[in-house]
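In: below: sequence and its predicted model.
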There are 2 protein chains.
Amino acid sequence: MPAPLVVQKFGGSSLADADRIRRVARRIARERATGSDLVVVVSAMGDTTDELLALAAGITDEPDSRELDVLLATGEHQSATLLSMALHALGLPAISLSGPQAGITTDGRYGRARIADIEPRRMRAELEQGKIVIVAGFQGMSEASAADAEITTLGRGGSDTTAVALAARLGADRCQIFTDVRGIFTADPRIVTDARQLPVIGYEEMLELAGQGAQVMQTRAVELGWVNGVVIEVLSSFEDAPGTLIEEDPFVEQRNKVRGLAHDRNVAKVTLVEVPDRPGVAHAVFAPLAEAGINVDMIVQNVGHRGATDLSFTIPEVELARAKRILDRVVRELGFREMTTDSSVAKVSIVGAGVQNAPGYAARMFGALATAKVNIEMITTSEIRITCMIAEDDLETAVRALHEAFELEKPDELTVGASADGPNAGAVAS
Amino acid sequence: MPAPLVVQKFGGSSLADADRIRRVARRIARERATGSDLVVVVSAMGDTTDELLALAAGITDEPDSRELDVLLATGEHQSATLLSMALHALGLPAISLSGPQAGITTDGRYGRARIADIEPRRMRAELEQGKIVIVAGFQGMSEASAADAEITTLGRGGSDTTAVALAARLGADRCQIFTDVRGIFTADPRIVTDARQLPVIGYEEMLELAGQGAQVMQTRAVELGWVNGVVIEVLSSFEDAPGTLIEEDPFVEQRNKVRGLAHDRNVAKVTLVEVPDRPGVAHAVFAPLAEAGINVDMIVQNVGHRGATDLSFTIPEVELARAKRILDRVVRELGFREMTTDSSVAKVSIVGAGVQNAPGYAARMFGALATAKVNIEMITTSEIRITCMIAEDDLETAVRALHEAFELEKPDELTVGASADGPNAGAVAS
């Protein structure tokens, strides 16, 4: 029987200095001792990526995207070589590979490339020689032809995507994402002291939690795992404790309860006042934002008076300055009365299969916020999520009130229906 | 007429921070404004290489040489991208290329690779598109086949070699090495206040000066320039002033005088006491040092008593600990009485065509040192150099005494012989 293949990914905070790199090496050595073949994906050390961005910002306000990708990719080259050295120092055979050397090709878009293909020949050859393969995450090459290949990066958090893609392509038995948290919690434990770690969570629920600011894993990586059926384990690189499994959850329908809370402070609200109420206006507003890659969320249009309406929506707070420049032009062209913005807002969400279709959840959420005297400014829903926009100052109060209202501190209990004859709840957490 | 092609190389101190990188970009822009095509070779920023070595040293005492090369090469990738961004910010088209992208292949020896070939297709294509080509110095790839190519570095100061090799391969009209000094001087200006900058120097003289610690340019780069007839200009990146041309000097034979002084503090003396006087002993001592890549210099064997001799030689001071470990074994095996070492020594040399064959020079050198009360411990000579080992404490006294004795502060005067009908001295300095 061949050795099981495990893909492990370590983030920047796990590799922030020589001590931590050596600790990660010991963690890998323990897995190796169980007889596994190992492919390890690394991010850049600590704040390296931000430091490199600052270097570029010291040179020019608008760094060329190709040059920036080459610059940023050096961070992962460095951490990969250092981790390989640390494994050698433990007497373990290891080799670092750049994204291109690992056979990862992309669609060639600088700064936000998508993985196009993975040619695993070199990785397999190194594994067959008994080596632990360290792959620089976050990057790939634009073309397979040597002379004109360009380094392209996958965007922030891209190392998660590298790990899941490699696990899928290599048919890995496990894909472990080591982070600075122990797993996925019912709410941010820094806000809710009795927040509970979830032993298992479905891909879709994880996407809603991550997309709403849980920030444990890159959304794309979860999507990629979902499409390819890669079971992902999120766990701590600082302590030996079971993490959270992200997988197709067969009990989602039966569980039918709120699984966790997400919140996001990185939100700004934009309101266009007295928008002319005629076809094409929404397109004129949102098309240039989409072109600029600014994600718009929570769009609300209030029916107004005098044939005009107010149009409000949220965007990431970090995009506010850029969005204002774009919208100033639109406001002038279309003749809105004015544009107001507010970055002292936040979003809080309940996430769980079926929450949208069970009216009781929405009512309980709004009631809990009202009891806590938190005013709701906007509401949006998805299949498995209800999100309220509130004042940023109310965020912690709101998260605690919702955690209590939905009894999230209590362990999962399956409400097994007549059709449920699968494994029991204990098996889910295994 | 095609545009002249200029290769420029900027060292780490010229690129130490964002301000300096922008200054280098302006320097390049001025050359560009004269209509030149430009290939620019860069070293890593400031102390980056040392910082990366320290990172590796924090992980392990004996970093794997392949991993170390990948790690170190990131320094040049970073500076190349940043310089390219700085040129973009000035509105100049530029592109950074890694050593492999520039088509530089090596013999594959990690840490001390030699350039095997340069395939200039990509560089020429970028030049034809009007771009300034920035090449990461100090590196190349081990093979031309994409998947198994490995980054290899050329050893410390390798960016000089990259620049001269590119100038030779591309048939550049000029090869300019920008450093933190204005050119080659008759002696270190920090020691001798009236040291004079040489407008021109021959390759061989430059090699002796550089090899003896002038440390302006890598010796290999000068050799490569000599073999390929590349005229090299050494000049300051911090001021606009003429530098020193290194070229085949048609007046060397006629000049027939001391051209400059070199000194080297990075010296240690090793003495093996009571070496058995039998064949094969020298081989047993020096072969393992050569294998370890430790350069041995100034070997002196004193005829001894009782069939044994004392064997002394010098090595770079930084190699002393390693050499001792190697020699301890040899001493035990061969039965020497003991090994003594002394790292408080230094070398001082006079360099100039014909100094070895003109006995007057040696006499004047020894006389000047004697007058200055500097004791000579060992002496070696080459065609164009006489070197004395002295106590390190006497070094500055010795350099000043020799500079005065050979009247090096006075400008060159050609002693044109009967056969000399070439261009006049003024032309040499142009």
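Out: The structure has been received and is ready for your questions.
In: neighbours of A:Leu289, how many?
Out: If you count neighbours by other CB atoms under 10 Å in any protein chain shown, A:Leu289 ends up with 20. C-beta coordinates here come from the backbone N, C-alpha and C atoms, glycine included.
In: what's the answer for A:Glu396, then?
Out: 16.
In: just to be sure, it is in a helix?
Out: Yes: counting by DSSP: H, G, I helix; E, B strand; the rest coil, A:Glu396 is found in a helix.
In: check which residues of whichever strand in chain A runs longest are buried.
Out: The strand that spans the most residues within chain A, counting by DSSP state E, is strand A:260-276. For strand A:260-276, the neighbour count (16 or more other CB atoms under 10 Å in any protein chain shown) marks A:260-264, A:267-275 as buried.
In: what is the burial count for the residue nearest to A:Asp180 when sequence neighbours are not counted?
Out: Using CB to CB, 6 or more residues apart in numbering or on different chains and skipping the chain neighbours, the partner closest in space to A:Asp180 is A:Ser13 (4.5 Å). A:Ser13: 17 surrounding residues under other CB under 10 Å.
In: phi, psi for A:Ser13 please.
Out: As for A:Ser13, its main-chain torsions (degrees, to the nearest 10) stand at phi -70, psi -30.
In: quick one on the thing from earlier: tell me the strands beside the longest strand of chain A, with direction?
Out: Strand pairing for strand A:260-276, determined by DSSP bridges: strand A:308-316 (antiparallel), strand A:338-351 (antiparallel).
In: mind checking how far it is from the chain centre?
Out: Centre-to-centre, strand A:260-276 and its host chain are 20 Å apart (CA atoms, centre = their mean, to the nearest Å).
In: for stretch A:314-328, same thing?
Out: 22 Å.
In: what does that stretch rub up against?
Out: Stretch A:314-328 has contacts (CB atoms under 8 Å, 6 or more residues apart in numbering or on different chains) with A:265-270, A:272, A:285, A:288-289, A:292, A:294-298, A:339, A:341, A:343, A:345, A:347, A:378, A:389.
In: and if you look at stretch A:366-386?
Out: Around stretch A:366-386, the neighbours that count as contacts under CB under 8 Å, 6+ apart are A:204-205, A:208, A:212, A:262, A:269, A:297-298, A:300, A:312, A:314, A:345, A:349-357, A:361-362, A:365, A:387-391, A:394, A:397-398, A:400-402, A:404-406.
In: which ones among the residues you listed map onto helices?
Out: Members of the contacts of stretch A:366-386 lying in helices (criterion: DSSP state H): A:204-205, A:208, A:361-362, A:365, A:397-398, A:400-402, A:404-405.
In: doesn't A:Thr271 make contact with A:Ser312?
Out: Yes: between A:Ser312 and A:Thr271 there is a contact at 4.4 Å, judged by CB atoms under 8 Å.
In: report the separation between the residue nearest to A:Asn266 when sequence neighbours are not counted and B:Asp240.
Out: Using CB to CB, 6+ apart and skipping residues adjacent in sequence, the residue nearest A:Asn266 is A:Glu317, 4.7 Å away. Going from A:Glu317 to B:Asp240 by CB to CB, to the nearest Å gives 47 Å.
In: please say which of these two ends up with more neighbours.
Out: Neighbours were counted for A:Glu317 and for B:Asp240 using other CB under 10 Å; A:Glu317 has more, 19 against 9.
In: show me the helices in chain A, by range?
Out: Taking DSSP H, the helices of chain A run over residues A:18-33, A:48-59, A:65-89, A:121-128, A:158-170, A:203-209, A:219-228, A:252-255, A:281-291, A:320-334, A:359-371, A:395-405, A:425-428.
In: turn those helices into a markdown table, columns for mean pLDDT and distance to A:Ser236.
Out: Shown next, in a markdown table, are those (pLDDT from 0 to 100; distance: least, CB to CB, whole Å):
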| stretch | mean pLDDT | distance to A:Ser236 |
| --- | --- | --- |
| helix A:18-33 | 96 | 10 |
| helix A:48-59 | 94 | 21 |
| helix A:65-89 | 96 | 18 |
| helix A:121-128 | 96 | 26 |
| helix A:158-170 | 96 | 15 |
| helix A:203-209 | 87 | 17 |
| helix A:219-228 | 91 | 18 |
| helix A:252-255 | 56 | 25 |
| helix A:281-291 | 86 | 37 |
| helix A:320-334 | 88 | 34 |
| helix A:359-371 | 89 | 30 |
| helix A:395-405 | 95 | 22 |
| helix A:425-428 | 26 | 20 |
